[in-house]
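**Student:** show me the folded form of this:
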Amino acid sequence: MEEKNKNLHAKHRARMREMIRKTGIEDIPDINLLEYLLFYSIPRKNTNDIAHRLLNTFGSLNGVLNAGYDRLLEVEGMGESSALLISLIPGISRKYVESAEKGKINLAEPGDAIEYIKTKYYGEQNEIFYVICLDAIGNLINCCKLAEGSPETVVIDKRSILEVVLRNNADTVIVAHNHPNGIAAPSKNDLDMTGDLQSLFRKIGIRLADHIIVAGNDALSMASASRSSILFRK
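**Tutor:** Purely as a prediction, here's the structure:
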């Protein structure tokens, strides 16, 4: 009986691999996509039940992929290899987008800058601060992850920001951070820090074009928001 079950699993896996090879993943239900992904970390076991437990625990494919290594390990049937495999996918997706767009990006318009930086925060659970270095006409030179904190705060070192900007020979700078558990609106600390950066950059002839705050699918350009736009007046 055990040998028969092994053969059935092997044939099922072979059919799924062939289907995905021929048709891609667009029309495959989330449960089967997770089941198939787990083939690569669980070679000789039925992964359908584990895929069901993952979706039941986290509510959606997005919830599973954003759950993080430690929470994935709590699900019955998930080992270290499986948790690591799934937790890597959001980061790999971000790197794919970055690689595809490198050298082609102009962020002179706030809307374009927002759409670009939002992808950096997919699946992130902690506050992260980015420095985006641009040339004189808004073309992307480099996007640097400067600091990562907790879900509630991130500590910023202005000297480190300045070093990044000078090292990349930037003419214009956009900074960004996220509010993982909040809304896309600046706090008093955000406003104070932005004003300090404006003063710092003016002294060396560099323009701070914007400070973008991301919260989930929402984002705010402080340069465009009425409450904080005065900071960015030329």
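**Student:** who touches stretch 33-43?
**Tutor:** 13, 16-17, 20, 25, 28, 47-48, 50-51, 54-55, 61, 64, 77, 79, 81-82, 84-86 (Cβ atoms under 8 Å, 6 or more residues apart in numbering). In short, each C-beta sits where N, CA and C put it, glycine included.
**Student:** likewise for stretch 161-174?
**Tutor:** With Cβ under 8 Å, 6+ apart as the test, stretch 161-174 has contacts from 107, 113, 117, 131-136, 138, 141-142, 144, 146, 175, 197, 200-201, 204, 206-212.
**Student:** and Ile50, how many neighbours?
**Tutor:** Counted with other Cβ atoms under 10 Å, the neighbours of Ile50 add up to 20.
**Student:** which one is it nearest to, not counting chain neighbours?
**Tutor:** Gly77 (3.9 Å; Cβ to Cβ, 6 or more residues apart in numbering).
**Student:** helix, strand or coil for that neighbour?
**Tutor:** coil (DSSP: H, G, I helix; E, B strand; the rest coil).
**Student:** can you check Ser224 too?
**Tutor:** coil.
**Student:** just to revisit the earlier point, please check the contacts of stretch 161-174 and keep the buried ones.
**Tutor:** Neighbour counting over these (16 or more other Cβ atoms under 10 Å) leaves 107, 113, 117, 131-134, 138, 141, 144, 146, 175, 197, 200-201, 206-212 as the buried ones.
**Student:** those in helices, which ones?
**Tutor:** 113, 117, 197, 200-201 (DSSP state H).
**Student:** nearest to Ala185, of those residues?
**Tutor:** Closest approach between those and Ala185, by Cβ to Cβ: Ile117, at 16.1 Å.
**Student:** roughly how far apart are that closest one and Leu134?
**Tutor:** 12 Å (Cβ to Cβ, to the nearest Å).
**Student:** got it, and Ser150?
**Tutor:** For Ser150, the distance to Leu134 - Cβ to Cβ - is 29 Å.
**Student:** swap in Val97?
**Tutor:** 18 Å.
**Student:** what of Ser81?
**Tutor:** 40 Å.
**Student:** check contacts around Phe58.
**Tutor:** Phe58 neighbours (Cβ under 8 Å, 6+ apart): 64, 66-67, 71.
**Student:** out of those residues, which one sits closest to Lys188?
**Tutor:** Asn66 (29.3 Å).
**Student:** okay, now that closest one: neighbour count?
**Tutor:** Asn66: 18 neighbours (other Cβ under 10 Å).
**Student:** can you give me the helices for the chain?
**Tutor:** 2-23, 30-38, 48-58, 61-65, 69-73, 80-101, 110-118, 158-167, 188-202.
**Student:** so which of those gets nearest His179?
**Tutor:** His179 lies closest to helix 188-202 among the helices of the chain, at 9.2 Å (Cβ to Cβ).
**Student:** tell me the angle the closest one makes with helix 158-167.
**Tutor:** 40 degrees (axes from the mean of the first three to the mean of the last three Cα atoms, to 10 degrees).
**Student:** what helices and strands are in contact with helix 188-202?
**Tutor:** Helices and strands touching helix 188-202, as assessed by 3 or more Cβ pairs under 8 Å, 6 or more residues apart in numbering; DSSP states H and E, comprise helix 158-167, strand 172-178, strand 207-215.
**Student:** repeat that with 7 Å
**Tutor:** Counting by 3 or more Cβ pairs under 7 Å, 6 or more residues apart in numbering; DSSP states H and E, the packing neighbours recorded for helix 188-202 are helix 158-167, strand 207-215.
**Student:** done for today, thanks.
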